[in-house]
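Visitor: Could you work out the structure for the sequence below:
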Amino acid sequence: MHQVTEFHKEEAIWLDPDRIIVLYAELGQAGAERVISAAMEDLAVQLVALEAAVLEQRPADVAKAVQALDPLARQVGMVLLARVAADLLDCTERGDTVAQAAVLARLIRLGDRCLTAVWDMADMRG
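Guide: Below is the predicted model of the structure:
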């Protein structure tokens with residue numbers, strides 16, 4: 001009989017706080033908050049789209065969602081999230097469904113934590 005062990009990994013997230021600082025410096029508080037808010041909403045939409053595209057086995061839509069997510073994530077300092085999304089696309093293009101499922105789970109975990117961290121960072125600036 002095989003035993004299945006559930007693994008819970010709390011991965012450290014890495015955000016580039018300089019991106020938030022630059023946004024506030026270039027756009028002022030109101031402008032930066034508008035940009036951050038819009039980016040966060042768009043990121044959430046793209047994460048949902050990525051998950052659906054993977055689960056429904058639509059590789060072209062995975063590519064579109066990653067291409068949309070990348071500049072949004074980088075705009076608000078989520079460099080690691082952008083890299084993991086690129087890894088997901090790589091798994092999809094190779095047809096590696098096991099790796100794809102693992103990377104998708106990682107992307108969702110990171111996405112949730114990154115969205116919260118950017119909001120917290122923006123709150124501290126404001």
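Visitor: which regions of the protein lie under the pLDDT threshold?
Guide: 1, 4-11, 121-126 (pLDDT under 70).
Visitor: now the helices: where do they sit in the chain?
Guide: Using DSSP state H, the helices of the chain run over residues 17-55, 59-75, 79-94, 97-125.
Visitor: Which positions in the second one come out as buried?
Guide: It refers to helix 59-75. For helix 59-75, the neighbour count (16 or more other CB atoms under 10 Å) marks Asp61, Val62, Ala65, Val66, Ala68, Leu69, Asp70, Leu72, Ala73, Arg74, Gln75 as buried. All C-beta atoms are positioned from the backbone trio N, CA, C, and that covers glycine.
Visitor: Please identify which of those is nearest to Ala12.
Guide: Ala12 lies nearest to Ala73 out of the buried residues of helix 59-75, by CB to CB, at 16.6 Å.
Visitor: so who does that closest one touch?
Guide: Leu43, Val79, Leu81, Ala82, Ala85, Cys114 (CB atoms under 8 Å, 6 or more residues apart in numbering).
Visitor: got it, and Leu27?
Guide: Arg34, Val35.
Visitor: of all the helices of the chain, which lies closest to His2?
Guide: helix 97-125 (16.9 Å).
Visitor: Can you point out the buried residues in the closest one?
Guide: 100, 103-104, 106-107, 109-111, 113-115, 117-118, 121-122.
Visitor: For it, what is the distance to the chain centroid?
Guide: 5 Å (CA atoms, centre = their mean, to the nearest Å).
Visitor: Tell me the helices and strands packed up against it.
Guide: On a contact count with 3 or more CB pairs under 8 Å, 6 or more residues apart in numbering; DSSP states H and E, helix 97-125 meets helix 17-55, helix 79-94.
Visitor: if we can go back for a sec, CSV for the helices of the chain, including distance to His2?
Guide: Conversion of the helices of the chain to CSV gives the following (distance: least, CB to CB, whole Å):
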stretch, distance to His2
helix 17-55, 26
helix 59-75, 31
helix 79-94, 25
helix 97-125, 17
